[in-house]
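A.B. asks: Next input, structure requested:
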Amino acid sequence: MRKGAVILAAGAGMRLGGVAKALLAAGGGRTFLSQILHNAREVGLDRAIVVVGPPFGEDVALHAVDLGAEIVVNPHPERGMATSVALGFSALEQTACDAAWLWPVDNPDVRAATLRELERALGPHAAARPTVGQRGGHPPLITRGLWPQLAACGDAPAGARSVLMEADVVDVEVTDEGCVRDVDTVTDLEKM
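C.D. replies: This is a model prediction of the structure:
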């Protein structure tokens, strides 16, 4: 199976005081973005699409390119995360990948072992989503069959969630707290 990733990094990080989360230190000398790419590459990532946008788009794009990822620019990320999801999956449709992780950059601590579990559990399902204590997490692994709906979800009220709610998604219970630990605030960052 050829695997891709749509990494959402177009936010302005306002709850963190206005920073590019992709460029924050995740530990071990890696940024959030480089940590995500490192772990995904451990399990055979073939293509990475990083969605960037103002005000930090240029800096994040330069970092992503240095890391070997492809860039898609969301000119209006303030319209919501669904617009980034749509742009990312629209770009990924042009690749030969069979499945892709939908990965917000504010979940940098997901372990490679978790990604392997999602791949094993995917089977005939449209997507495999990690859960921790029955709480849904990131990044779901989504098969190519759902990409056209995701590429069109930019204006959907619930965005990608509306697509996944209607799909055959298998929940995979894992012990990886990184799946549910979003870094949105200074307090979240301090807990890392």
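A.B. asks: which residues does residue 32 contact?
C.D. replies: Residues near residue 32 by C-beta atoms under 8 Å, 6 or more residues apart in numbering: 21-24, 26, 105-106, 108, 183. Heads up, the C-betas are built off the backbone N, CA and C, glycines and all.
A.B. asks: what about the protein, any weak spots by pLDDT?
C.D. replies: Residue ranges of the chain with pLDDT under 70: 185-192.
A.B. asks: can you give me the helices in it?
C.D. replies: 32-42, 57-66, 81-92, 112-122, 147-151, 160-165, 186-190 (DSSP state H).
A.B. asks: Quick one: closest of those helices to residue 17.
C.D. replies: Closest to residue 17 of the helices of the chain, according to C-beta to C-beta: helix 186-190, at 7.0 Å.
A.B. asks: how much space between the nearest residue in space to residue 19 that is not next to it in sequence and residue 44?
C.D. replies: Spatially, and ignoring its direct neighbours in sequence, residue 19 is nearest to residue 13 (4.2 Å; C-beta to C-beta, 6 or more residues apart in numbering). Residue 13 sits 30 Å away from residue 44, going by C-beta to C-beta, to the nearest Å.
A.B. asks: and if you look at residue 171?
C.D. replies: Distance from residue 171 to residue 44, by C-beta to C-beta: 23 Å.
A.B. asks: So which of residue 13 and residue 44 has more stuff around it?
C.D. replies: residue 13 (21 against 13; other C-beta atoms under 10 Å).
A.B. asks: which residues sit in contact with the more buried one?
C.D. replies: 19-21, 56.
A.B. asks: Residue 121 too?
C.D. replies: So residue 121 contacts 128, 170, 172 (C-beta under 8 Å, 6+ apart).
A.B. asks: again, only this time at 10 Å
C.D. replies: 128-130, 141, 170-174 (C-beta atoms under 10 Å, 6 or more residues apart in numbering).
A.B. asks: Tell me which two in those are the farthest apart.
C.D. replies: 141 and 173 (14.8 Å).
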